[in-house]
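A.B. asks: Below is the sequence, then the predicted model.
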Amino acid sequence: MTPARAARPYAGEGDLRAMRRLLLEGRAGTGDWHYPHVGLLAWDFFMVVCHLDPQQHVHLWHDSEGRLMAYALLGEDPMIDWQVGRGHEWSGVEAEALAWAEERVAVLRCAGPERWGGPLAARARQDDPRRVTFLEGHGFRYRGEFTEVDMIRSLGGSVPEAVVPEGFRVRGVSGPEEASERASAEREVWLPATVGEIDGDDYARLMRLPGYRRELDVVAVASDGTIAAYVNCWLDPVNRIGNFGPVGARPAFRRRGLTRAVLLEGMRRLQAAGMDRVCVSTGEANHAARCLYESVGFAVVDRCLDYVKAPSAG
């Protein structure tokens, strides 16, 4: 018998907090990689808030007692992610989440074929064979040109102090008054990717989301106030693991040790906040980023694979 559950669209910040709890509790029972870090959820949700409508692009499933058992998030590209709480996995909600996403994408493709006409994408970690089998059974195929590596570093023991070049200092974002400059740095690093399509008002919205702490939004700042490099640091206080992302340096300020400096300062701040390890992800083929992370103590522990499903004919 299918367990009783009810599905509905996202309805407000209380839902986002419940989604965070699902990840925190899930990781507590399964280890570091079965559930994503709450920092990844924060950024993915921020992208939906900036560019889409959360009520149309986030869906939730609750059990008969009203407790959140699963959620799905449909982002641009289009990309579907779903997470199911412990005790509810493979009860049929995964198929419902995928069906919801495919129905939404079908509508979006009719309204905006140039924006939404590409294949529907989803990800599975290489050590999650059941999710891989589920995707393949629903018509998805592995897309080999992009794979992420998940990396981790212990925060036990001392963390080296950041060496900051003359004329710069490393600190946390000062507050909402710095939102425009912080957004400008993101745009310069990431455009034309969607992650770069944000302005100061957007970034101020991120600063109000659950989980954001400006002292953990670590930046390297030039004497004229320009943000040259940055890292967003996120806390999982239940499992004592931090997360880095996004990480970047403006092109004019690269190869000066500034990204390394913000990473090291981020580690020190995470350690002071009680984290005993920190994770980060990057493209497997992004050799520059991987070398940087390895140089400050990270090691690859997992891979995340892209799967895609082509639009049906007609």
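C.D. replies: Sure thing, it's come through. Numbering: from 1, shown residues only.
A.B. asks: what does the domain assignment say about this protein?
C.D. replies: Domain assignment of the chain by automatic domain parsing yields the ranges 5-118, 156-275.
A.B. asks: Now mean neighbour count too, for those domains, in CSV please.
C.D. replies: All C-beta atoms are positioned from the backbone trio N, CA, C, and that covers glycine. Shown next, in CSV, are these (neighbours: other Cβ atoms under 10 Å):
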stretch, mean neighbour count
domain 5-118, 17
domain 156-275, 18
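A.B. asks: closest one to Tyr142 among those domains?
C.D. replies: For these, proximity to Tyr142 was assessed by Cβ to Cβ; domain 5-118 is nearest, at 15.1 Å.
A.B. asks: start to end distance for that closest one?
C.D. replies: The straight-line separation of the ends of domain 5-118 (Cα to Cα, to the nearest Å) is 31 Å.
A.B. asks: show me what contacts the nearest residue to Phe244 once chain neighbours are set aside?
C.D. replies: Excluding the flanking residues, the one nearest Phe244 by Cβ to Cβ, 6 or more residues apart in numbering is Val280, at 4.2 Å. Residues near Val280 by Cβ atoms under 8 Å, 6 or more residues apart in numbering: 150-152, 243-245, 247, 293, 298.
A.B. asks: returning to that earlier point: a markdown table for the domains of the chain, including mean pLDDT and distance to Gly139?
C.D. replies: Below are those laid out as a markdown table (pLDDT from 0 to 100; distance: least, Cβ to Cβ, whole Å):
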| stretch | mean pLDDT | distance to Gly139 |
| --- | --- | --- |
| domain 5-118 | 96 | 10 |
| domain 156-275 | 96 | 25 |
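A.B. asks: Figure out which of those is closest to Pro311.
C.D. replies: Of the domains of the chain, nearest to Pro311 by Cβ to Cβ is domain 5-118, at 6.7 Å.
A.B. asks: Please state the offset of the closest one from the chain centre?
C.D. replies: What separates the centre of domain 5-118 from the centre of its chain is 13 Å, taken as Cα atoms, centre = their mean, to the nearest Å.
A.B. asks: My read is that Arg268 contacts Ser158, right?
C.D. replies: No: with contact defined as Cβ atoms under 8 Å, Arg268 and Ser158 do not form a contacting pair (9.2 Å).
A.B. asks: With just CA atoms, put the helix or strand encompassing Val107 into PDB.
C.D. replies: For Val107, the element it lies in under DSSP states H and E is helix 93-111. Output in PDB follows, covering the C-alpha atoms of helix 93-111 (Å, rounded to 0.1, in the frame of the first residue of the first chain):
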ATOM      1  CA  VAL A  93       7.800   9.700  -3.800                       C
ATOM      2  CA  GLU A  94      10.800   9.800  -6.100                       C
ATOM      3  CA  ALA A  95       8.600   8.900  -9.100                       C
ATOM      4  CA  GLU A  96       6.100  11.600  -8.100                       C
ATOM      5  CA  ALA A  97       8.900  14.200  -7.800                       C
ATOM      6  CA  LEU A  98      10.200  13.300 -11.300                       C
ATOM      7  CA  ALA A  99       6.700  13.400 -12.700                       C
ATOM      8  CA  TRP A 100       6.100  16.800 -11.200                       C
ATOM      9  CA  ALA A 101       9.300  18.100 -12.800                       C
ATOM     10  CA  GLU A 102       8.600  16.700 -16.200                       C
ATOM     11  CA  GLU A 103       5.100  18.200 -16.200                       C
ATOM     12  CA  ARG A 104       6.500  21.600 -15.200                       C
ATOM     13  CA  VAL A 105       9.200  21.400 -17.900                       C
ATOM     14  CA  ALA A 106       6.700  20.500 -20.500                       C
ATOM     15  CA  VAL A 107       4.700  23.700 -19.700                       C
ATOM     16  CA  LEU A 108       7.900  25.800 -19.600                       C
ATOM     17  CA  ARG A 109       9.100  24.400 -23.000                       C
ATOM     18  CA  CYS A 110       5.800  25.500 -24.600                       C
ATOM     19  CA  ALA A 111       6.100  29.000 -23.200                       C
END
